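Visitor: this one's sequence-less:
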């Protein structure tokens, strides 16, 4: 994936950097990523698509929509491949998307919307959804294995409360793991069903933050798991991801609710960890007696 | 007309050009309407250097919009391709909302019985296909009665399209 700085992208489009930034504000395209230093990084594919569309457009707006349509074709071809149960064609479609976008943008703009579309069209109890969700989970796991080793002094433990691979939230949870790993965060993903041996895992991993993801498991099950983590690791920030609206409305003092999008959730996680690391050092919390635990969710600020 | 030498022998003379004089053209911005002052065949950049939000199009000098004038650019499908800043205010829409919508979602002929060149659809189609002539039309906003807007339609490019400039 080739990235361009603002000056390089503007030069390719034969406009000034200020004009390019004005296009980003007015049209939302091209949509840059941000470097660790908050500088804009444009994908070469988007800029090239816009450059070609400008030659054929009667306005910037029509050129932007033409460039967007060209890029959106990747999502349509992936949907077509998955509902046709053609694994190789699906692999080719996501590779085509990767040629024009970063891994994160390919997942957020092509893979996840494709799975949502298949779930909406065919239902989550259908064969197309079973095939597509399995393909998506497999692809996300492979992408995670290809990620570089962690470089940040940040570690999270993720309690997976989804049903299984067919759970509609499962791809988003895998995507969040992938984004965290690619951003240099160490991720320990455990099912929120089991608590046996969790202390050993926590002792090795030493997480800075706990994420409770998925809405299938009951609050009691999740609370037991969260309590086990707390006993092992002490007090640390807690975040919930795609736990369902009804749980969000319950009193969860000290718990942060992450946005539904995997990319936004990953950015929010980083903010939470950085905020916590900047806070004054707290004494380790004494594990509370089980009888004093609230019944609500058990997630009140580990 | 034949000239003759003093001796009476016929001689050739230049025949006046019978073709109509080519209409001068100007380049203008599809968003702000500012005219691009260039002596070259085409401006160096496709994008307007003043506002940065429009592309430069060429049209007849007598039809070309002035800066901050209200105009639309349409294609041969009668779809809106560009809306000037003044036209956004006039029609209470934004360019990003109007682009790729059919022109009749914004404007309709004020005189439904009009036919021939003064018919809106015909005028746009002819202009977008390269017709050099300009046409006068009278339109009204699609959702509003009692308001008449007069305008002129002419060819613009590149690529080939129709320019509707409101008077």
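Guide: In hand now; what should we look at? Here the structure is a predicted model, which means the values were calculated and not measured. Residues are numbered from 1 along each chain as shown, chains lettered A, B, ... in the order given.
Visitor: Show me which strand runs longest in chain B.
Guide: Longest strand of chain B, by residue count under DSSP state E: strand B:149-157.
Visitor: What number of residues are in the vicinity of residue A:227?
Guide: A count of nearby residues for residue A:227, using other Cβ atoms under 10 Å in any protein chain shown, gives 18. No exception for glycine: its C-beta is placed from N, CA and C like everyone else's.
Visitor: State the distance from it to residue A:220.
Guide: Residue A:227 is 11 Å from residue A:220, where distance means Cβ to Cβ, to the nearest Å.
Visitor: and what of residue A:256?
Guide: 21 Å.
Visitor: And those two? Which one has more around it.
Guide: Taking neighbours as other Cβ under 10 Å, residue A:256 and residue A:220 compare with residue A:256 leading, 18 against 11.
Visitor: phi, psi of that one?
Guide: Dihedral pair for residue A:256: phi -100, psi 140, per degrees, to the nearest 10.
Visitor: what residues are up against the residue lying closest to it once chain neighbours are set aside?
Guide: In space, and not counting its chain neighbours, residue A:256 is closest to residue A:239: 4.4 Å by Cβ to Cβ, 6 or more residues apart in numbering or on different chains. Contacts for residue A:239 (Cβ atoms under 8 Å, 6 or more residues apart in numbering or on different chains) come out as A:209, A:210, A:211, A:212, A:255, A:256, A:257, A:258, A:268, A:269, A:272.
Visitor: Of the residues you listed, just say which sits nearest to residue A:119.
Guide: residue A:258 (20.8 Å; Cβ to Cβ).
Visitor: Please look at that closest one and residue A:243 and confirm they touch.
Guide: No: using Cβ atoms under 8 Å, residue A:258 is not in contact with residue A:243; the gap is 9.3 Å.
Visitor: So for these two, which sits in the more crowded spot?
Guide: Neighbours per residue (other Cβ under 10 Å) separate residue A:258 from residue A:243, with residue A:243 holding more: 26 against 22.
Visitor: In three-state terms, label the more buried one for me.
Guide: Look at residue A:243: counting by DSSP: H, G, I helix; E, B strand; the rest coil, its state is coil.
Visitor: Leaving out the residues flanking it, which one is nearest to it?
Guide: Closest to residue A:243 by Cβ to Cβ, 6+ apart is residue A:215, at 5.0 Å.
Visitor: ok, and that neighbour, which helix or strand is that part of?
Guide: Of the helices and strands defined by DSSP states H and E, none includes residue A:215.
Visitor: residue contacts, it?
Guide: By Cβ under 8 Å, 6+ apart, residue A:215 lies in contact with A:161, A:162, A:169, A:242, A:243, A:244, A:247.
Visitor: Can you get me a residue count around residue 27?
Guide: Going with chain A. 20.
Visitor: hm, I was asking about chain B
Guide: Neighbours of residue B:27 under the rule other Cβ under 10 Å: 20.
Visitor: now the one 5 residues further on
Guide: With neighbours defined by other Cβ under 10 Å, the count for residue B:32 comes to 19.
Visitor: State the distance from it to residue B:127.
Guide: 21 Å.
Visitor: which ones are touching the residue of the stretch 201-302 of chain A found nearest chain B?
Guide: Of all residues in the stretch 201-302 of chain A, residue A:261 sits closest to chain B, with a separation of 22.5 Å (Cβ to the nearest Cβ). Neighbour list for residue A:261: residue A:108 [criterion: Cβ under 8 Å, 6+ apart].
Visitor: tell me what the longest helix anywhere in chain B is packed against?
Guide: Determined from DSSP state H, the single longest helix within chain B is helix B:120-128. Here helix B:120-128 touches strand B:107-109, strand B:135-141, strand B:149-157, strand B:161-166, going by 3 or more Cβ pairs under 8 Å, 6 or more residues apart in numbering or on different chains; DSSP states H and E.
Visitor: Tell me who's in contact with the closest residue to residue A:270 other than its chain neighbours.
Guide: Counting by Cβ to Cβ, 6+ apart, residue A:270 lies nearest to residue A:183, which is 7.0 Å off, once chain neighbours are set aside. By Cβ under 8 Å, 6+ apart, the contact list for residue A:183 reads A:152, A:266, A:270.
Visitor: next one: the helix or strand that contains residue A:115 to chain centre, how far?
Guide: Element membership of residue A:115, judged by DSSP H and E, is helix A:112-122. Its chain's C-alpha centre and that of helix A:112-122 lie 17 Å apart, by Cα atoms, centre = their mean, to the nearest Å.
Visitor: could you point out which element follows that helix?
Guide: With elements assigned by DSSP H and E, the helix or strand that comes after helix A:112-122 is helix A:127-145.
Visitor: near chain B, which residues of chain A show up?
Guide: Applying Cβ under 8 Å from any Cβ of the partner chain, we find that chain A lies next to chain B at A:13-16, A:18-19, A:22-23, A:26-27, A:54-63, A:65.
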